[in-house]
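**Student:** here are the coordinates; sequence isn't available:
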């Protein structure tokens, strides 16, 4: 499974929303990701991809769309 | 010696314009006049904390030395070790002065700790943030000079907005391009005039003209409605105070951002049309944003992270609820150790928890109507909930119920 699919599935598990057709939607302004889901996302990324993102490194503007998250994960993995 | 509180009167703006002009010319030509900026910063700090307020000035100097030792000490320690106890101790040490300043007046009414000075809360946010980011490894090098510049950046020293160290440092070291700087000046001028409208016209109208009259009438009617004091004047006080609070603080924040922009520092904005919020969560993304984002990033997120990582709470929906309660309780205490600030914090925690239930319900029932009427209703409800919370926050109920004779 490639990173893109894995991230899409992860986001669906976390938020109950299928975002595969809206990969450039801003997840924070649309309310799909709240602070709580964000923390879950960070923990899952740590568990699944072994990437460590400290909370203070988490700049929302760099993580706001599914595509940006995928790019981030690929760059850090 | 004269004393001049930030943005308090027209003379301040004249002095500010004169002092900033050479710096602005430097920035226009692509150079930050560091020595000059340090000198005028010193002068403006002296105007705030000098003269009759010299005791505050001494407290400030002591505070800065103390934080340099705590934050600098932790940064030095972090280079070769990373124990949790050291991190926790550094955070606790760093908030000790603020805790003392907040607790002293609660123990003995009317007494102020000699450790206190205008802006201590805001400087504490900045110091704690440094320790947390050092712990995370996102701040790798501790520069004492930059740290002091960050803490004592005079446009925001007294009441924020609360900037972030790495962002500030980048702006300070990197002079904006001429084109970008001209845009910043344009924005600054706009913010200044908007600030005048907010603080000196609307804030004055609501806070100085209307509020004392409404307060007087409400106190006269404190026996109304079964001695609860609920009267039309009290309702009027609630809305008027809310408007005053917004226009006064948003106006001040606009001045602080404008002054920062002129100095080539893009201090973040504090307000984004908060009364347009369509729920409480949305409200906290628009109201006193640098404070609420600070709480979100350094308390709420860290707390949920910690709870989830250590599986402290089994039920998923309970985790954010616990985190909201602790988050807003701390925010309440930060405002001051009085019942009304603490109730204000708990009230917002309760509102945001109810809000979460509603959002979950809405997600499960997509057939619920959504149109501009429901949107309008949501804004109306949010606005009233917020104004009620500000009535608690104002402390007026304390006067009405326990002090007015």
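**Tutor:** Happy to help now that I have it. What you see is a predicted model, and the numbers here were worked out from it, not measured in a lab. Residues are numbered from 1 along each chain as shown, chains lettered A, B, ... in the order given.

**Student:** Give me the below-cutoff pLDDT ranges for chain A.
**Tutor:** Chain A contains residues with pLDDT under 70 at A:1.

**Student:** Kindly report the residues of chain A close to chain B.
**Tutor:** For chain A, the contact set with chain B under CB under 8 Å from any CB of the partner chain comprises A:16, A:31, A:34-36, A:38-40, A:42-43, A:54-58. C-beta: built from backbone N, CA, C; applies to glycine.

**Student:** any idea which of the residues you listed has the most stuff around it?
**Tutor:** Taking other CB atoms under 10 Å in any protein chain shown as the neighbour criterion, residue A:39 ranks highest of the residues of chain A next to chain B with 25 neighbours.

**Student:** Check whether that residue really touches residue B:308, as I assumed.
**Tutor:** Yes - counting by CB atoms under 8 Å, residue A:39 sits close enough to residue B:308 to count as a contact (6.3 Å).

**Student:** Now do the phi/psi pair for whichever residue of the stretch 51-200 of chain B sits closest to chain A.
**Tutor:** Nearest to chain A, among the residues of the stretch 51-200 of chain B, is residue B:136, at 3.5 Å (CB to the nearest CB). Here is the backbone geometry of residue B:136 (degrees, to the nearest 10): phi -70, psi -20.

**Student:** Which positions in the stretch 201-350 of chain B make contact with chain A?
**Tutor:** By CB under 8 Å from any CB, the part of the stretch 201-350 of chain B that sits against chain A consists of B:281, B:296-298, B:300-302, B:304-305, B:308-309, B:319-320, B:323.

**Student:** Can you tell me which of the residues of chain A next to chain B is nearest residue B:158?
**Tutor:** residue A:56 (25.4 Å; CB to CB).

**Student:** SS state for that closest one?
**Tutor:** Look at residue A:56: counting by DSSP: H, G, I helix; E, B strand; the rest coil, its state is helix.

**Student:** With residue B:217 instead?
**Tutor:** Three-state assignment for residue B:217 (three-state DSSP): helix.

**Student:** Can you give me the neighbour number for it?
**Tutor:** Using other CB under 10 Å, residue B:217 is surrounded by 15 other residues.

**Student:** Not counting its neighbours along the chain, what's nearest it?
**Tutor:** Nearest residue to residue B:217, sequence neighbours excluded (CB to CB, 6 or more residues apart in numbering or on different chains): residue B:233, at 3.9 Å.

**Student:** go on, residue B:336?
**Tutor:** residue B:102 (6.1 Å).

**Student:** Centre-most residue in chain A?
**Tutor:** The centroid of chain A falls nearest to residue A:69 when counting by CA atoms, centre = their mean (4.7 Å).

**Student:** What residues does that residue make contact with?
**Tutor:** A:7, A:11, A:41, A:63 (CB atoms under 8 Å, 6 or more residues apart in numbering or on different chains).

**Student:** OK, contacts around the third one?
**Tutor:** Looking back up the chat, that one is residue A:41. A:10, A:11, A:14, A:33, A:69.

**Student:** 7 Å instead, please
**Tutor:** Applying CB atoms under 7 Å, 6 or more residues apart in numbering or on different chains, we find residue A:41 in contact with residue A:14.

**Student:** Please list the outside residues in contact with the one helix or strand in chain B whose mean pLDDT sits lowest.
**Tutor:** When each helix and strand of chain B is scored by mean pLDDT, DSSP states H and E, helix B:224-227 comes last, with a mean of 82. With CB under 7 Å, 6+ apart as the contact definition, helix B:224-227 has outside contacts at B:230, B:231.

**Student:** May I see the buried residues of that helix?
**Tutor:** By neighbour count with 16 or more other CB atoms under 10 Å in any protein chain shown, helix B:224-227 contains no buried residues.

**Student:** Give me the distance between it and the centre of its chain.
**Tutor:** How far helix B:224-227 lies from its chain's middle: 36 Å, per CA atoms, centre = their mean, to the nearest Å.

**Student:** Equivalent analysis for stretch B:108-125, please.
**Tutor:** The answer for stretch B:108-125 is 15 Å, by CA atoms, centre = their mean.

**Student:** Just confirm yes or no for that stretch near chain A.
**Tutor:** No - using CB under 7 Å from any CB of the partner chain, stretch B:108-125 stays clear of chain A, coming no nearer than 13.6 Å.

**Student:** Residues touching that stretch, excluding its own?
**Tutor:** Here stretch B:108-125 makes contact (CB under 7 Å, 6+ apart) with B:48-49, B:55-56, B:59-60, B:63, B:94-95, B:97-98, B:100-101, B:104-105, B:151, B:157-160, B:162, B:294, B:334.

**Student:** Apply 6 Å and report the result again.
**Tutor:** The set of residues external to stretch B:108-125 that reach it, using CB atoms under 6 Å, 6 or more residues apart in numbering or on different chains, is B:56, B:59-60, B:95, B:97-98, B:100-101, B:104-105, B:151, B:157-158, B:160, B:162, B:294.

**Student:** same question for that stretch, mean pLDDT?
**Tutor:** Averaged across stretch B:108-125, the pLDDT comes to 90.

**Student:** Next: stretch B:236-244.
**Tutor:** pLDDT averaged over stretch B:236-244 gives 98.

**Student:** same question, stretch B:386-402
**Tutor:** Here the average pLDDT along stretch B:386-402 is 95.

**Student:** Can you give the contact residues for it?
**Tutor:** B:222, B:229, B:238, B:239, B:241, B:242, B:245, B:283, B:340, B:343, B:344, B:347.

**Student:** quick one on the thing from earlier: could you check the distance from the closest residue in space to the residue of the stretch 51-200 of chain B closest to chain A that isn't next to it in sequence over to residue B:132?
**Tutor:** Among residues not flanking residue B:136 along the chain, residue A:54 sits closest, at 3.5 Å (CB to CB, 6+ apart). Distance of residue A:54 to residue B:132, given as CB to CB, to the nearest Å: 9 Å.

**Student:** now residue B:75
**Tutor:** 12 Å.

**Student:** Spit out the contact partners of residue A:7.
**Tutor:** With CB under 6 Å, 6+ apart, residue A:7 has these contacts: A:69, A:70, A:73.
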